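[1] fold the following for me, if possible:
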Amino acid sequence: MRGWSANLVQTILGLVQQLLLVPIFLHVWTGEMLAAWLVIYAAGSLAVVADAGLQLRAINRFLAFKACRDCDGRTANYYAAMLRIYFAVDVGLGVLVLVGALLLPPSRSLGFHEMASFDLALLVMTVGVLLVLPANLVSGLYRARGRYSRSVWLQNGALLLGQIAQLVALATNGGLVAVALAFVSPQILLMIYLVAYDAPRLFPFLRAGRSGRSWRWALGQFRRAFPFAVANLSELALVNAPVLMVSAFVVDRVAVAQWGLTRVIASFLRGLCAQVTLPIAAELGHDYAIGDRERLRQLYARGSTLVTVIASVIVAGLLPFWPDFFTLWTHGSIPYDAPLAHILLLGSAAVAPSLLALAFANHSNRGGLLVRTKGLQLVVFLVLSIVLIRLLGPLGAAIAVVASDLCVQFGLLGFVIMGATLRHPIRHTLFLAAVMAAIVLSGWAIGVGVASLAPGAGFAHFIVECAIWSALVALVASPLMSKRLRDGLIARVPA
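    This next block holds a predicted model:
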């Protein structure tokens, strides 16, 4: 439960960063400045791919060491050697980013050549994210050693401090560089604290670790981490690369801001579902490792249903009320695009069950499967994006994201994992589709009716319609308070 609560708080903080701070930014910045910040934020989020799958490789090794005789000794040596690799990656990629920015200024390729501070702000964000990477190794160790919630709570503290610092920077300076520096500084300080103090304090055996490994061994870690790197690159590209591609291909800066803001809610939903899958995937990985097939099958079926229900309920509430919120959120300065929002939200709900398949694949050493499916998904996404963004603008980016998700991640990776885990994968898939359709369509219909009848206007109207919808949905779901009914429904989930 501590891990779930920590993930929930992290999701809320992500919501604050991407939703609640936007109206504050718009009080100080123009629409073009906001578009620039959304691109900078996306670039920083995409820089996380520099981890190259090393964190998940380390988690799998830490878990494997638990079955060895000298568990602590092997863990300490591997941790020390991997820490050196992370520091080398930091230095090498940091220099490459700086040189690349000097030779090819990002502002030219991304359409912000008239904004003098854009290049420096982008460098601060990307180099800052690179400096945070060693914290991934510590977080992986904590996850393998039962300290998962601690690492997430510490990250939450850094995120909260960063958000407060952004508000201070916005009020005192108002520039992109100051806000970017405020965002990354607390996370860099947290990395230093974790590596230098917290991890050695919690696990004293780390101090005895020997890091003397050859360069061939180091290259071998990258080779073995490659499947996880492909999977992570594809996931991060689907969330962040479209912002950069729309910025590069679409001349209208307002359209760039429109895409960046609309994609925020879809990314939030995807991130929330991914956070929900993490504790479940850890349990699934444990059951897979010890060979408990029956518990694995039941837990996967119920976890997949849970993720689907959560995504469907959120989408059912967002579809009718997102237009009103969008207008209030942007003060009417950014136009609302209904087809864009509908495609992203419905696609996010449809692909939600496959996020558990992806998380389970990461926790069960299915490297070959991850390389094939996520690599194919990345190629499909990039090809579709290049073609469709030029033709349809931001709507083309949305179609590319959803199509690559449904065709590859759900249609290939999801079915392979379900086929290897469940006895009745087809029945389970049809069951999930029926659950999603019933929840989304009924919730959407209730929302449309409530929106047309709710009194008031502006913010008051939005609050009233959301309150009425929530009350009606709670009333419809109230029979689930019965434990007997819940157990009966759970028992009927095809597995």
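[2] quick check: Phe203 touching Leu141?
    Yes. Counting by Cβ atoms under 8 Å, Phe203 touches Leu141, with 7.2 Å between them. For every residue, glycine as well, the C-beta is placed using N, CA and C.
[3] so the two - more neighbours on which side?
    Each of Phe203 and Leu141 has its neighbours counted (other Cβ atoms under 10 Å); Leu141 has more, 24 against 19.
[4] grab the nearest non-local neighbour of the more buried one.
    Excluding its sequence neighbours, the residue lying closest to Leu141 (Cβ to Cβ, 6 or more residues apart in numbering) is Phe62, at 5.9 Å.
[5] sec struct for the one you found, please.
    Judged by DSSP: H, G, I helix; E, B strand; the rest coil, the three-state class of Phe62 is helix.
[6] surely it touches Ala144?
    Yes. Contact criterion Cβ under 8 Å: Phe62 and Ala144 qualify, at 3.5 Å.
[7] need the overlap of contacts for the two.
    Residues touching both Phe62 and Ala144 (Cβ atoms under 8 Å, 6 or more residues apart in numbering): none.
[8] returning to that earlier point: what sits in contact with each of Phe203 and Leu141?
    Thr75.
[9] what's the local residue count around Phe25?
    18.
[10] how close does it sit to Tyr336?
    Distance from Phe25 to Tyr336, counting by Cβ to Cβ, to the nearest Å: 18 Å.
[11] Ala434 now?
    31 Å.
[12] burial measure for Gly291, as a count.
    Neighbour tally, Gly291, other Cβ under 10 Å: 7.
[13] what are the structural domain limits within this protein?
    1-213, 224-495 (automatic domain parsing).
[14] ok, the residue nearest to Val195 when sequence neighbours are not counted - contacts?
    When the adjacent residues along the chain are set aside, Val195 lies closest to Pro134, with 5.4 Å between them (Cβ to Cβ, 6+ apart). With contact taken as Cβ under 8 Å, 6+ apart, Pro134 is in contact with 83, 86-87, 90, 191, 194-195.
[15] phi first, then psi, for Pro134.
    phi -60, psi -20 (degrees, to the nearest 10).
[16] any regions of the protein where pLDDT drops low?
    For the chain, residues meeting the criterion pLDDT under 70 lie at 1-7, 66-68, 209, 211-212, 231-232, 251, 253.
[17] how near is the spatially most central residue of the chain to Val16?
    Nearest residue to the geometric centre of the chain (Cα atoms, centre = their mean): Gly271, 3.9 Å. As judged by Cβ to Cβ, Gly271 and Val16 stand 13 Å apart.
[18] what does Ala341 give?
    21 Å.
[19] before we move on, what about Phe25?
    13 Å.
[20] repeat that for Leu472.
    Leu472 is 27 Å from Val16, by Cβ to Cβ.
[21] that older thread, more neighbours: which of Ala341 and Val16?
    For Ala341 versus Val16, the count of surrounding residues by other Cβ under 10 Å is larger for Ala341: 21 against 13.
[22] residues near His27, how many?
    His27, neighbours per other Cβ under 10 Å, totals 8.
[23] list the helices and strands the helix or strand hosting it packs on?
    Mapping His27 onto the secondary structure by DSSP states H and E places it in helix 21-28. The contact analysis (3 or more Cβ pairs under 8 Å, 6 or more residues apart in numbering; DSSP states H and E) places helix 21-28 against helix 31-46, helix 148-172.
[24] need these in a markdown table with distance to Thr421 and mean neighbour count, can you?
    Converted to a markdown table, the helices and strands packed on helix 21-28 look like this (distance: least, Cβ to Cβ, whole Å; neighbours: other Cβ atoms under 10 Å):
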| stretch | distance to Thr421 | mean neighbour count |
| --- | --- | --- |
| helix 31-46 | 30 | 23 |
| helix 148-172 | 23 | 18 |
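[25] do you know which of those lies nearest Ala116?
    Nearest to Ala116, of all the helices and strands packed on helix 21-28, is helix 31-46, at 11.1 Å by Cβ to Cβ.
[26] what about the closest one, distance to the chain center?
    Relative to its parent chain, helix 31-46 has a centroid offset of 16 Å by Cα atoms, centre = their mean, to the nearest Å.
[27] what does stretch 447-467 give?
    31 Å.
[28] one more: stretch 245-265?
    Centre to centre, stretch against its chain (Cα atoms, centre = their mean), the figure for stretch 245-265 is 19 Å.
[29] what's the burial count for the residue nearest to Leu141?
    Neighbours around Phe62, by other Cβ under 10 Å: 22.
[30] what about it, distance to Cys71?
    Taking Cβ to Cβ, one finds Phe62 at 9 Å from Cys71.
[31] just His286 next, same as before
    Counting by Cβ to Cβ - His286 and Cys71 are separated by 16 Å.
[32] what's the answer for Ala50, then?
    From Ala50 to Cys71 the distance is 29 Å (Cβ to Cβ).
[33] nearest spatial neighbour of Val168, chain-adjacent residues omitted?
    Nearest to Val168 is Ala182, by Cβ to Cβ, 6+ apart, at 6.9 Å.
[34] residue contacts, that neighbour?
    Here Ala182 is in contact with 162, 165-166, 168-169 (Cβ under 8 Å, 6+ apart).
[35] ok, Leu370 next?
    227-228, 230-231, 361-362, 413.
[36] got a winner among these for most neighbours?
    Ala231 leads these on contacts (other Cβ under 10 Å) with 28 neighbours.
[37] pull the residues that contact the helix holding His27.
    With contacts defined as Cβ under 8 Å, 6+ apart, helix 21-28 is touched by 33-34, 37, 163, 166-167, 170, 174, 261, 264, 329-331, 333.
[38] which residues of the stretch 351-495 of the chain fall in helices?
    367-392, 394-404, 415-421, 425-453, 458-477, 483-491 (DSSP state H, counting those that start in this stretch).
[39] out of those, which is closest to Val243?
    Of all the helices of the stretch 351-495 of the chain, it is helix 394-404 that lies closest to Val243, at 8.5 Å by Cβ to Cβ.
[40] quick one on the thing from earlier: ranking the helices of the stretch 351-495 of the chain by burial, who's on top?
    When neighbours are counted by mean count of other Cβ atoms under 10 Å, the highest per-stretch mean among those falls to helix 394-404, a mean of 24.
[41] for that helix, what is the distance to the chain centroid?
    For helix 394-404 - counting by Cα atoms, centre = their mean - the centre lies 17 Å from the chain centre.
[42] by contact count, what packs against it?
    helix 215-249, helix 253-290, helix 338-362, helix 367-392.
[43] just say which of these is most tucked in.
    helix 338-362 (a mean of 23).
[44] by contact count, what packs against that one?
    helix 215-249, helix 253-290, helix 293-329, helix 367-392, helix 394-404, helix 415-421, helix 425-453.
[45] now the ones you listed in CSV, with distance to Ser109?
    Converted to CSV, the helices and strands packed on helix 338-362 look like this (distance: least, Cβ to Cβ, whole Å):
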stretch, distance to Ser109
helix 215-249, 6
helix 253-290, 13
helix 293-329, 29
helix 367-392, 15
helix 394-404, 17
helix 415-421, 37
helix 425-453, 39
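[46] of all those, which one is nearest Phe459?
    Across these, Phe459 has its closest neighbour in helix 293-329 (5.9 Å, Cβ to Cβ).
[47] report the buried residues of that closest one.
    Using 16 or more other Cβ atoms under 10 Å as the test for burial, helix 293-329 gives 296-301, 303-308, 310-327, 329.
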